[in-house]
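What would the 3D arrangement of this be:
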Amino acid sequence: MPLKPEHVKAAIAESIDNPKFTRIADGLSLYLMTRNGRGYWQFNYKAGGKVRSKMLGSAADFSPTQARNAKNSFNVHRKDSADEQPRRSITVRQAPAVPERRGITIRKANPGTAQPGSKLFGEVVDLFLSEFAPGWTGGIDGREAAAYRRQLTDTDFARLPVAEIQTPDVEAMLKQWSDTPATAEKILMRVGKILSYAKAKEYRSGDNPAAIKGHFEFLARPVVPTVNHHPAMKSADVPSFMRELLADGSTPATALAFTILTAARTKESIRAKWKEIDGTVWTCPADRMKGKQGKRLPHSVPLAPAVLKLLGKRGAPDDYIFPSNRGPRTGLWLSSMREALDRLRGKRLSIEGLPPVVHGMRSTFSDWAAEAGYPQGKGGLIDRALAHSDGKTVSAYQRTKLIELRRPMMNAWNDFAMSKV
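You can find the predicted model right below:
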């Protein structure tokens with residue numbers, strides 16, 4: 001049965017304390033969506049073999065009859081248009097005032113931004129990812145893009161018209177993450193980025209209600225705990241630890257030893273292949289290095305005799321140096337070295353304070369090198385060994401002269417670390 005204005009008003013009133021959407025059918029795939037004392041008209045249609053949704057506007061701006069007319073106009077237009085987007089502007093009326101709840105004033109719909117056919121927040125997230133995620137590490141299917149989808153598209157917040165989102169909406173969404181402040185902060189930053197993108201694309205106007213600087217920095221939100229750096233082993237304990245590590249004899253333990261001796265990151269070393277080693281130099285390709293895609297450089301490491309001896313007989317060019325049990329063309333899991341470290345921690349070792357993560361060993365190397373008097377700071381040998389590039393040194397220079405400048409330091413580190421093996 002088609003909805004009447006009184007039905008819409010009653011449904012919206014009932015949703016004041018309901019943070020989740022309730023869908024009420026008007027007929028012919030048109031629905032009234034109510035949540036938190038507000039209502040929206042949504043039209044579901046089929047395109048490309050999939051059911052899609054289009055938010056037609058706020059119930060404060062369109063009566064049931066106007067919503068049906070907007071649906072019909074959109075339906076006709078999408079069949080005649082390649083992008084299936086309505087282009088006609090429709091004048092909207094000022095929304096009536098709504099009551100307060102839970103100490104927060106419920107806003108009125110903004111007649112300057114509420115538009116029929118306004119894109120939903122989730123739709124804008126998809127557009128943003130399709131445009132920018134291909135350039136991220138892992139691309140459109142990588143971890144960063146997956147986090148955007150998981151946190152921003154599979155929520156009720158994703159079904160809000162992006163043109164109408166305001167500060168109370170963002171605050172309500174963040175409350176579900178109050179127990180994990182660090183995650184809440186990341187989500188706030190991502191929401192802010194999507195809303196800035198929406199404004200640039202003219203899907204909305206006005207200030208960004210998720211902006212941190214000048215806005216959310218003055219509002220109450222979960223407090224992010226102080227960041228603690230990865231714990232590092234005392235450099236004096238490294239030789240004894242390396243002896244215990246190599247006595248383990250497993251491939252993950254050998255991979256961890258290689259990682260420590262080269263001061264590499266886990267992803268850089270565990271995916272290393274034999275073709276990346278040329279004589280006494282290992283070059284990790286740019287796609288495994290940390291940083292933004294397009295700005296990363298290959299990182300070359302001079303290998304000390306101790307490392308070459310550790311690696312043993314050379315395999316085929318495309319074989320992994322540290323293969324899994326499934327064969328030389330399958331690498332170890334990223335967690336393999338962490339598990340080897342946990343296994344050692346469970347034994348009665350003579351070393352106290354084993355770092356809980358592999359990355360902490362990079363700090364140990366940095367401490368040792370600084371104590372040994374090697375140049376520190378941006379562009380210094382220690383930063384170069386850790387691949388902390390200042391972005392100004394060209395790749396050719398980094399891979400030639402600086403390799404030989406770093407070789408004595410890496411040889412000394414290897415001699416020290418392996419002194420008890």
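
mind checking the SS state of Ile24?
With DSSP: H, G, I helix; E, B strand; the rest coil as the basis, Ile24 sits in strand.

Please identify the helix or strand for Ile260.
helix 251-262 (DSSP states H and E).

Could you name the helices and strands sitting against that helix?
helix 238-248, helix 266-270, helix 305-311, helix 336-345, helix 360-371, helix 401-417 (3 or more Cβ pairs under 8 Å, 6 or more residues apart in numbering; DSSP states H and E). Where you see a C-beta, it was placed from the backbone N, CA and C, and this is true even at glycine.

what domains does the record give for this structure?
1-84, 118-227, 235-417 (automatic domain parsing).

Tell me who's in contact with Leu256.
With contact taken as Cβ atoms under 8 Å, 6 or more residues apart in numbering, Leu256 is in contact with 245, 337, 340-341, 358.

Now render these as TSV, adding neighbour count, pLDDT and distance to Arg23.
TSV is the format used below for these (neighbours: other Cβ atoms under 10 Å; pLDDT from 0 to 100; distance: Cβ to Cβ, whole Å):
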residue	neighbour count	pLDDT	distance to Arg23
Leu245	22	91	58
Met337	27	90	49
Ala340	22	85	51
Leu341	22	82	50
Val358	24	76	48
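
what's the closest of the residues you listed to Ala172?
Val358 (39.4 Å; Cβ to Cβ).

For the closest one, pull up the helix or strand it's in.
Going by DSSP H and E, Val358 is not part of any helix or strand.

Pretty sure it sits against Ser335.
No: if you go by Cβ atoms under 8 Å, Val358 and Ser335 don't touch, sitting 9.8 Å apart.

follow-up on the earlier one: for the helices and strands packed on helix 251-262, which one sits closest to Ala387?
Taking Cβ to Cβ, helix 266-270 is the member of the helices and strands packed on helix 251-262 nearest to Ala387, at 7.9 Å.

what's that closest one in contact with?
Contacts of helix 266-270 (Cβ under 8 Å, 6+ apart): 255, 258-259, 262, 284, 288-289, 299, 322, 331-332, 334, 336-338, 358-359, 387.

from the chain's centre, how far out does the helix or strand containing Gly192 sit?
According to DSSP H and E, Gly192 maps onto helix 181-200. Put simply, helix 181-200 sits 11 Å off its chain's centre (Cα atoms, centre = their mean, to the nearest Å).

Any buried residues in that helix, and which?
Judged by neighbour count using 16 or more other Cβ atoms under 10 Å, the buried positions of helix 181-200 are 183-185, 187-188, 190-195, 197-199.
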